[in-house]
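**Student:** I would like to see how this sequence folds:
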Amino acid sequence: MIARAVKRQRPNGITIALAVIGALLALFAVAAVAFAAKPPNYAADLDQCRNGGVANPQTFTQCTGTGSGSSGWVNGNAGASNSHYREGESISYRARVTGLSANDQVTLIMGYDVIHNNHYAIDYLTDKNGWQSPETTVGATPDDPTSNVSGLSGLTPTSTAAITTPPGGVHVDPSKTFASGACVGTTTTGSGPVQPTASYTAQGAARELIEVFGGTGATMAYVGPTPDFRAIGGGDQEQQFSVSFKAQGANAVLAWGGHIASRLDWGCADGPLSAGGISGSPYHMRIKSIVVNGTPVSLGNQDRSLSAAAVVVPPDVSITKTPSVNDVCAAANTSVTYTYVVTNSGSVAISGSVTDDNGTPGSTGDDVNIGSYSNLAGGATATFTHSFVINGTTTNTVSTTATSADNLTATATTTATVNAHACSISLTKTPDKTNVCSDANNSVTYTYVVKNTGDFFDASGSLTDDNGTPADTSDDIAVGSWGPLAPGAT
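**Tutor:** Residues are numbered from 1 along each chain as shown. Have a look, this model is predicted:
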């Protein structure tokens, strides 16, 4: 066996120094790779508009700002002290997406509460600028989604996503009661228009857009489960939707509105199912998640709510007009008394007046002020009467404009027609002989024929003969009574 001796050498200082330098370079390389691989700082903030608190007269605040202030665009909730919206208007929202790079493919998943506390809350999406009238106009104070967003400005979007028809609509018949089960039907059964489809369609295509600033190729789609609009008592329900676009730079903004469910769409005979009667904060919009280039990004709580107290309930009024008679004789100067009944069909007190056009709709100079009502409670009525002299067929139109304490108005009109008819009779008197001997005490029998020559009323009356002495009524003879005779009868 051959034995080999191996001599071990102790490394000198140069060798040790080189080893240390090599290790440090390796650490720097790892750190550089790690730094280069750090994910971008994507973020999204959901703002809603505090457009000015509920007031009378109503004031307003334009939707501008940083998102961190106390009015305009805010990154928080809204209440009656700083916001005012009405049923049928839209709450304004914007989503600010930051930390992007050009050509990033971005998808936001968002959701809104369709049903809350057994009422309809936000029933569909709209564009922004859905609240300005009547206290201002969109032209004067438009929503400004790019306000205080770095790199973005102006009101012209770089892309728009068409909002499609909300799914799951059901028939709603305001003439039926909810208790009967007939007010809210299904998609295919029931009466009345399909909601929210009918209301959504009525707003027009110009309002069916989500605007994107700082992005291109925007698209929108509903995602997740479709709410069951029939299940009004089955708990809260959410509708989710997605908006996708390609980023043009570091920042992008989305702008849209949430339509506040209206009793005009969701009314029932025994009470509205709209959002105005919900307590708390039923109007919720939230960002669920964001996906950038196929990678989900974790976000904190991005839920914004508007309290019910900030939603002003609009007034509602109806009126009926009933004549004391529906038919009169033409040219007979008949006095007809009309009864007017104003009903507060809403839930807020109203004040107003009643005006009759006096049968001349093209002229206001002869309009008649029938009366006024003040602080009429929900469900209460006010009754008025007025008499007109009618000589021919007359259609009168009555109108009332009701105003609530929030200075909102509602108008109702109705008509009543009184028809004038020909009222006439004819009379013939025929003796059985036309020649007699004088001073012979002849007996002559007269035949009287009365005919109703009118065209509508039955006729009745009495027949009197003057006994040949027209100047002396003392010897008049009551021949008899006649009628009722139908038109044309004798």
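**Student:** Please count neighbours and contacts with C-alpha atoms only from this point.
**Tutor:** Noted.
**Student:** Just the buried positions in stretch 295-304, please.
**Tutor:** 302-304 (16 or more other Cα atoms under 10 Å).
**Student:** Export those as a markdown table, with columns for secondary structure and pLDDT.
**Tutor:** Below are the buried residues of stretch 295-304 laid out as a markdown table (DSSP: H, G, I helix; E, B strand; the rest coil; pLDDT from 0 to 100):
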| residue | secondary structure | pLDDT |
| --- | --- | --- |
| Gln302 | coil | 89 |
| Asp303 | strand | 94 |
| Arg304 | strand | 94 |
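**Student:** tell me the phi and psi of the closest residue to Val389 other than its chain neighbours?
**Tutor:** Of all residues not flanking Val389 in the chain, Ser335 sits nearest, at 4.4 Å (Cα to Cα, 6 or more residues apart in numbering). Here is the backbone geometry of Ser335 (degrees, to the nearest 10): phi -90, psi 120.
**Student:** Put the alpha carbons of stretch 420-439 into CSV.
**Tutor:** Only the C-alpha atoms of stretch 420-439 are listed here, as CSV (Å, rounded to 0.1, in the frame of the first residue of the first chain):
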residue,chain,number,x,y,z
ALA,A,420,-124.5,69.6,-23.7
HIS,A,421,-127.4,68.1,-25.6
ALA,A,422,-130.5,69.3,-27.6
CYS,A,423,-133.5,69.5,-25.2
SER,A,424,-136.7,70.2,-27.2
ILE,A,425,-140.3,69.0,-27.6
SER,A,426,-143.0,69.5,-30.2
LEU,A,427,-146.7,69.7,-29.6
THR,A,428,-149.7,69.3,-31.9
LYS,A,429,-153.3,69.9,-31.1
THR,A,430,-155.9,68.4,-33.5
PRO,A,431,-159.8,68.8,-33.1
ASP,A,432,-162.0,65.9,-34.2
LYS,A,433,-163.9,68.4,-36.3
THR,A,434,-162.9,71.7,-37.8
ASN,A,435,-166.4,73.1,-38.6
VAL,A,436,-169.4,73.4,-36.3
CYS,A,437,-172.7,75.2,-36.3
SER,A,438,-172.7,78.4,-34.3
ASP,A,439,-174.6,78.6,-31.1
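**Student:** if we take the buried residues of stretch 295-304, which one ends up nearest to Tyr283?
**Tutor:** Arg304 (8.1 Å; Cα to Cα).
**Student:** Would you mind confirming that the closest one makes contact with Pro282?
**Tutor:** No. Arg304 lies out of contact with Pro282 (Cα atoms under 8 Å); the separation is 10.2 Å.
**Student:** re the thing from before, so what's the residue nearest to Val389 up against?
**Tutor:** Counting by Cα atoms under 8 Å, 6 or more residues apart in numbering, Ser335 touches 387-390.
**Student:** what number of residues lie near Thr413?
**Tutor:** 17 (other Cα atoms under 10 Å).
**Student:** Go through stretch 171-185 and flag the buried ones.
**Tutor:** For stretch 171-185, the neighbour count (16+ other Cα under 10 Å) marks 171-174, 176-178, 182-185 as buried.
**Student:** Find the pair from those with maximum spatial separation.
**Tutor:** It's His171 and Thr177 that sit farthest apart of the buried residues of stretch 171-185, by Cα to Cα, at 13.2 Å.
**Student:** and for the two, which residues touch both?
**Tutor:** The contact lists of His171 and Thr177 share Cys183, where a contact means Cα under 8 Å, 6+ apart.
**Student:** burial of Gly480, as a residue count?
**Tutor:** Using other Cα under 10 Å, Gly480 has 10 neighbouring residues.
**Student:** if I read this right, it contacts Ser462, doesn't it?
**Tutor:** Yes. At 5.7 Å, Gly480 counts as touching Ser462 under the criterion of Cα under 8 Å.
**Student:** quick one, what contacts the closest residue to Pro193 other than its chain neighbours?
**Tutor:** Leaving aside its sequence neighbours, Pro193 sits nearest to His171 (Cα to Cα, 6+ apart; 5.3 Å). The contact partners of His171, taken as Cα under 8 Å, 6+ apart, are 183-195.
**Student:** Where do the strands of the stretch 101-250 of the chain begin and end?
**Tutor:** 105-116, 119-120, 122-126, 159-162, 170-171, 194-195, 209-213, 215-223, 237-247 (DSSP state E, counting those that start in this stretch).
**Student:** And the fourth one, what does it pack against?
**Tutor:** Packing partners of strand 159-162 (3 or more Cα pairs under 8 Å, 6 or more residues apart in numbering; DSSP states H and E): strand 209-213, strand 215-223.
**Student:** Can you say which of those strands is packed in most?
**Tutor:** Here the criterion is mean neighbour count by mean count of other Cα atoms under 10 Å, and of the helices and strands packed on strand 159-162 the winner is strand 209-213, at a mean of 25.
**Student:** In the sheet, which strands lie alongside it, parallel or antiparallel?
**Tutor:** Here strand 209-213 is paired, per DSSP bridges, with strand 159-162 (antiparallel), strand 252-260 (antiparallel).
**Student:** Show residues contacting the first one.
**Tutor:** Pointing back at strand 159-162 there. For strand 159-162, contacts defined as Cα under 8 Å, 6+ apart pick out 208-213, 215-220, 243.
**Student:** change it to 10 Å
**Tutor:** Strand 159-162 is contacted from outside by 126-127, 205-221, 243-246, 254-255, using Cα atoms under 10 Å, 6 or more residues apart in numbering.
**Student:** Poorly predicted segments of the chain, please.
**Tutor:** The chain contains residues with pLDDT under 70 at 1-39, 234, 277.
**Student:** Give me the three-state assignment for Pro481.
**Tutor:** Careful, residue 481 is Ser; it's not Pro. Here Ser481 is strand, with the state taken from DSSP: H, G, I helix; E, B strand; the rest coil.
**Student:** is it in a bridge, and if so with what?
**Tutor:** Ser462.
**Student:** Surely it and Leu463 touch.
**Tutor:** Yes. With contacts counted by Cα atoms under 10 Å, Ser481 reaches Leu463, the gap being 5.9 Å.
**Student:** which one of these two has more residues nearby?
**Tutor:** Leu463 (14 against 11).
**Student:** How much space separates the more buried one from Met285?
**Tutor:** Distance check for Leu463 against Met285: by Cα to Cα, to the nearest Å, it reads 83 Å.
**Student:** Same question for Ala422.
**Tutor:** Distance, Ala422 to Met285, by Cα to Cα: 67 Å.
**Student:** More neighbours: those two, which one.
**Tutor:** Between Ala422 and Met285, counted using other Cα under 10 Å, Met285 has the larger neighbour count: 27 against 17.
**Student:** Please give the element, helix or strand, for that one.
**Tutor:** Met285 belongs to strand 283-292 when elements are defined using DSSP states H and E.
**Student:** Tell me the gap between that strand and the middle of its chain.
**Tutor:** From the chain centre to the centre of strand 283-292 is a distance of 26 Å (Cα atoms, centre = their mean, to the nearest Å).
**Student:** Give the partner strands of that strand in its sheet and their orientations.
**Tutor:** Strand 283-292 pairs in its sheet with strand 105-116 (antiparallel), strand 295-297 (antiparallel), strand 303-306 (antiparallel), by DSSP bridges.
**Student:** Pick the most buried one from the ones you listed.
**Tutor:** strand 105-116 (a mean of 23).
**Student:** now that one and strand 215-223, what's the angle there?
**Tutor:** If you take axes from the mean of the first three to the mean of the last three Cα atoms, to 10 degrees, strand 105-116 sits at 40 degrees to strand 215-223.
**Student:** please begin residue numbering at 48 from this point
**Tutor:** Shifting the count to begin at 48 puts that one at strand 152-163.
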